[in-house]
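1. A predicted structure for the sequence below; I have some questions about it.
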Amino acid sequence: MSDTASSPPGSKSLTRFLPIVLVVALFTLAIAFRLHERLSLDALYAQSEALDAFVARNYFAAITIFMGIYAIAVASSIPGASFLTLSAGFLFGTWVGGAAAWIAATIGATLIFLAARTAFGDVLRARAGGWLAKLGDGFRANAFNYLLVLRLTPIAPFFVVNLAPAFFNVNLRDYVLATLIGMIPGAFVYASVGAGLRAALETGAAANPSEAARAILLSPAVFGPILALIALALLPVLIKALRGKRAETSS
């Protein structure tokens, strides 16, 4: 007897709803633990000693828990991905924290991408609003390259970039690969800023708020990554200018 014959009718169609079940479960957990209320630098700094002690005693468990929280936040579209990446650098350093945030963000983005392909897609499409029409031409022309550009530059909101490819028939392999590659710069730059915040605060300047702010901003560990963030923000302008020149040349 074949596997197909032994499978219950409709079992394959039911598996289509697994991603959205996971997303709803993750969203419920996030609300239950009030994750959205804990995403602030004040909360991070206030709990830094307790967090440091936990990380010291349970290093790998702490990384795993952090990645789970990050994936939940991304999959449930809770704002705060940038803060979480800063926290990763603050708690684990630039390289380990950046890698943890990078992988977790990809997992969360993939879950919401798969969820958008289920019957729940209409609800997610409505949430994306007019952004879908703006992004449509780019995905139709060259889905992989366009998604890669969207990941590298802050052209559209993060949750929209996670959802939009699902509505333009981008295949899962291209989505995951473009997401993995495109998230590398942002993940490590933000994690580096977080590591810089810790380095500046450990100098003791935190006793005076104005001195702390000055120390943080002028710290080489923070100043360099901030310049990198500015460069990332200017990429869309550069890309638009290059496209304009190409259009003039071809006309």
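-> Nice, thanks for sending it over. Numbering: from 1, shown residues only.
2. quick one: Ile107 and Met67, what's the gap?
-> 8 Å (CB to CB, to the nearest Å). Quick note: C-beta positions are derived from backbone N, CA and C, even for glycine.
3. when the two are compared, which one has more neighbours?
-> Higher neighbour count among Ile107 and Met67: Met67, with 21 against 17, using other CB atoms under 10 Å.
4. tell me, how many residues neighbour Ala199?
-> 16.
5. helices along the stretch 1-150 of the chain, start to end?
-> 3-6, 11-15, 18-32, 41-46, 48-57, 59-75, 81-92, 94-115, 121-128, 131-152 (DSSP state H, counting those that start in this stretch).
6. burial measure for Leu132, as a count.
-> Leu132 has 17 neighbouring residues, counting by other CB under 10 Å.
7. low-scoring pLDDT stretches of the stretch 101-250 of the chain, where are they?
-> Where the stretch 101-250 of the chain drops to pLDDT under 70, the residues are 119-130, 154, 200, 202-250.
8. report the angle between the helix or strand where Phe188 lies and helix 94-115.
-> Per DSSP states H and E, Phe188 falls inside helix 184-201. If you take axes from the mean of the first three to the mean of the last three CA atoms, to 10 degrees, helix 184-201 sits at 140 degrees to helix 94-115.
9. how about helix 184-201: buried residues?
-> Going by neighbour count (16 or more other CB atoms under 10 Å), the buried part of helix 184-201 is 185-201.
10. just checking, what packs against that helix?
-> helix 81-92, helix 94-115, helix 131-152, helix 209-218, helix 220-250 (3 or more CB pairs under 8 Å, 6 or more residues apart in numbering; DSSP states H and E).
11. need the per-residue pLDDT for Glu49.
-> Looking at Glu49, its pLDDT reads 86.
12. from Ala61, how far off is it?
-> Counting by CB to CB, the gap from Glu49 to Ala61 is 18 Å.
13. go on, Val160?
-> Using CB to CB, we find Val160 at a distance of 33 Å from Ala61.
14. these two - which one has more neighbours?
-> Neighbours around Val160 and Ala61, counted as other CB under 10 Å, are more numerous at Val160. The numbers are 20 against 11.
15. contacting residues around the closest residue to that one other than its chain neighbours?
-> Of all residues not flanking Val160 in the chain, Trp131 sits nearest, at 4.5 Å (CB to CB, 6 or more residues apart in numbering). Listed by CB atoms under 8 Å, 6 or more residues apart in numbering, the contact set of Trp131 reads 156-157, 160, 164.
16. most widely separated two among these?
-> Greatest spatial distance in the contacts of Trp131: Pro157 and Ala164, 10.0 Å, computed using CB to CB.
17. pick out whichever of those two has more residues nearby.
-> Neighbours were counted for Pro157 and for Ala164 using other CB under 10 Å; Ala164 has more, 27 against 15.
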